Structure formats: structure tokens, C-alpha cells
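In: Sharing a sequence plus its predicted fold:
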Amino acid sequence: MPSSSSSSSHHHHHHHSHQTTSSSWQQKLEEVCREYEYSAPEYQLVSDRRGGRTAWSSIVVVFNTTIQARYWYDGKNLNNAREDAAEAALNWLQQKYGYGSGY
């Protein structure tokens, strides 16, 4: 067999199992970026002083677009803020590109 392991015919349809609990929105978003050969999502945290306590939210840059998470969180829930941004980004991708309607 010829050792040309770099076969250019990469059609990868992966069958997404419907286990939203195990895989996070952030993982899903990265999968989409890989699938479309875009750079990985970049998360930025945003903070807002609210009467003596700091609220945190997240922004994600994906497909050259900045998407803001919908909610604000306590500092101990920063991952939730990133999840929220990733979910918002996936919703946006679905509306714009019709991606992920199989979920």
C-alpha cells in the first residue's frame, strides 16, 4: 500500500449523540470551528462593578464575530459565563448559517 496517509478526501460526518449533559457548549463550538476550518473560539471575560460586587460575563469571538453572553455571573461561576457565550454563539451560527439544526 502507498503510504500517502494524507488522503485529501476527508468527509467527516460525525454522528452527534444527543448527550448535551456530557459535552459542553464550548466543546460544541470548537467542533463547529474545526468543521468549518475556522480558528478556535476566543473567550474574553468582562467584569462590571455592581454596587460593591463584581459581576462577570463573557464574550466569545467566533467566525470573526464578537458574541456577548446573555447573563452576568458571580466570579465563582466564570465557566458558566463562557458556556453562556458559547451557547449564544451556537444559536447565532444556527440562525446565520443554519448550522446544528440536528440537535
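Out: Received it, and whenever you're ready, just let me know what you need.

In: For the chain, which residues score under the pLDDT cut-off?
Out: 1-22, 99-103 (pLDDT under 70).

In: all helices for it, in order.
Out: Counting by DSSP state H, the chain has helices at residues 25-35, 78-97.

In: roughly how far is the shortest one from the heart of the chain?
Out: Between the centre of helix 25-35 and the centre of its host chain there is 5 Å, according to Cα atoms, centre = their mean, to the nearest Å.

In: which other residues reach it?
Out: For helix 25-35, the external contacting residues (Cβ atoms under 8 Å, 6 or more residues apart in numbering) are 12, 39-41, 43, 60, 62-63, 82-84, 86-87, 89-90, 93, 99-100. (Glycine included, C-beta is placed from N, CA and C.)

In: one more time with 7 Å, if that's ok
Out: Residues outside helix 25-35 that contact it (Cβ atoms under 7 Å, 6 or more residues apart in numbering) are 39-41, 62, 82-83, 86-87, 89-90, 93, 99-100.

In: Please apply the same query to stretch 59-77.
Out: Identification of contacts with stretch 59-77 by Cβ under 7 Å, 6+ apart yields 29, 33, 38, 41-44, 46, 48, 54-58, 80-81, 84-86, 88-89, 92.

In: of the contacts of helix 25-35, buried ones?
Out: Buried by 16 or more other Cβ atoms under 10 Å: 41, 62, 82-83, 86-87, 89-90, 93, 99, out of the contacts of helix 25-35.

In: Grab the two from those that are most spread out in space.
Out: Farthest pair in the buried ones among the contacts of helix 25-35 (Cβ to Cβ) is Arg82 and Tyr99. Separation: 19.5 Å.
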